[in-house]
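In: Here is a sequence together with a model predicted from it:
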Amino acid sequence: MVPGPPPAGPTMPGVPVPAVPTVPAAPPAAPVPNPPAGPPAPVTQDGITIAAVTPAHGPAAGGTVVMITGSGLPAGAIVLFGGVPAYVAGGGVASLTVRTPSGMPGASVDVTVTDYTGRSASMRNAFRYDADSSVPGSAPGAGTQPDPGTGTQPAPGGPAPDPGTTAPQPAPQPAPQPAAPGTPSPQSPAGTVLRPPPQLGAVTVVYGLRVAPVVGGDPLSAAAPGTWSNWRCTTVLCDGVVVR
């Protein structure tokens, strides 16, 4: 018989115990990135087909010119981005050109094409509003104070306005003065034929109005009887001014 290893017994004082080797753990698997989402699939509803929305993203401030292609797009189409109406610049049965409304930064919204009859088709998450990428202080005039004299922002990088100075004020414009009595009227354009004023008879006050008959140069003499009602005020004088 081949003798086996001696049975394990208590360790002797001062004798080192051999270390037991450990197996290193396997490193964690690297995460698999999700593939980028492709454009939404074409949608057909109520006879309206939305094939693509290009471009598929734009600033949250709105104003992006977007083309919606498809088929059966209605005349007088109404386009909604996330339920908000967009300005429809034009188009036909195969394409629409619209301008996006404003939206929430980073949000993806549905694009809906509808009409006044109630037909509609919606493409899910067809347009994404870009996240706000503005840097604090990058806006025009950021970090500057308005000039107390003018109320305007100084130019970026320019010297700060002197608080002790005031902006020049525009010179006051003179108020127009009424024409003095007897001032001749301005000349009429060349070729103008002026109608002479009517000749008035004796003035009579009726119910506080000064009225006078027309005794010469009556404009009604050249007017057809059916138009006399349009001239019924030609005989009324108010404070010496003929009411025409």
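Out: Great, that's in hand. Not measured: the values here are computed from a predicted model.
In: three-state assignment of the closest residue to Val66 other than its chain neighbours?
Out: Closest residue to Val66 apart from its sequence neighbours, by CB to CB, 6 or more residues apart in numbering: Val98 at 5.4 Å. All C-beta spots, glycine's among them, are computed from the backbone N, C-alpha and C. Following DSSP: H, G, I helix; E, B strand; the rest coil, Val98 is assigned to strand.
In: Count the neighbours of Val98 for me.
Out: If you count neighbours by other CB atoms under 10 Å, Val98 ends up with 24.
In: now swap in the one 4 residues further on and tell me
Out: Applying other CB under 10 Å, we find 13 other residues in the vicinity of Ser102.
In: before we move on, the earlier item: tell me how far the residue nearest to Val66 lies from Pro170.
Out: Val98 is 44 Å from Pro170, where distance means CB to CB, to the nearest Å.
In: ok, the residue nearest to Val66 - contacts?
Out: Going by CB atoms under 8 Å, 6 or more residues apart in numbering, Val98 touches 65-68, 79, 86-89.
In: Please repeat the previous calculation with a cut-off of 10 Å.
Out: 53, 64-68, 77, 79-81, 85-91, 111, 113 (CB atoms under 10 Å, 6 or more residues apart in numbering).
In: got the domain boundaries for the chain?
Out: By the assignment in automatic domain parsing, the chain contains the domains 43-129, 199-243.
In: and these as TSV, adding distance to Pro174?
Out: Listed next are these as TSV, based on distance: least, CB to CB, whole Å:
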stretch	distance to Pro174
domain 43-129	45
domain 199-243	27
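In: if you compare these, which one is most tucked away?
Out: Per residue and on average, the most neighbours among the domains of the chain fall to domain 43-129, with a mean of 17 (mean count of other CB atoms under 10 Å).
In: end-to-end on that one?
Out: 21 Å (CA to CA, to the nearest Å).
In: average model confidence for that domain?
Out: The pLDDT scores in domain 43-129 average 94.
In: Tell me which residues touch the closest residue to Gly91 other than its chain neighbours, please.
Out: Closest residue in space to Gly91, ignoring its immediate chain neighbours: Thr97 at 5.5 Å, by CB to CB, 6+ apart. For Thr97, the contacting residues are 65-68, 79, 87-91, by CB under 10 Å, 6+ apart.
In: change it to 8 Å
Out: So Thr97 contacts 65-68, 88-91 (CB under 8 Å, 6+ apart).
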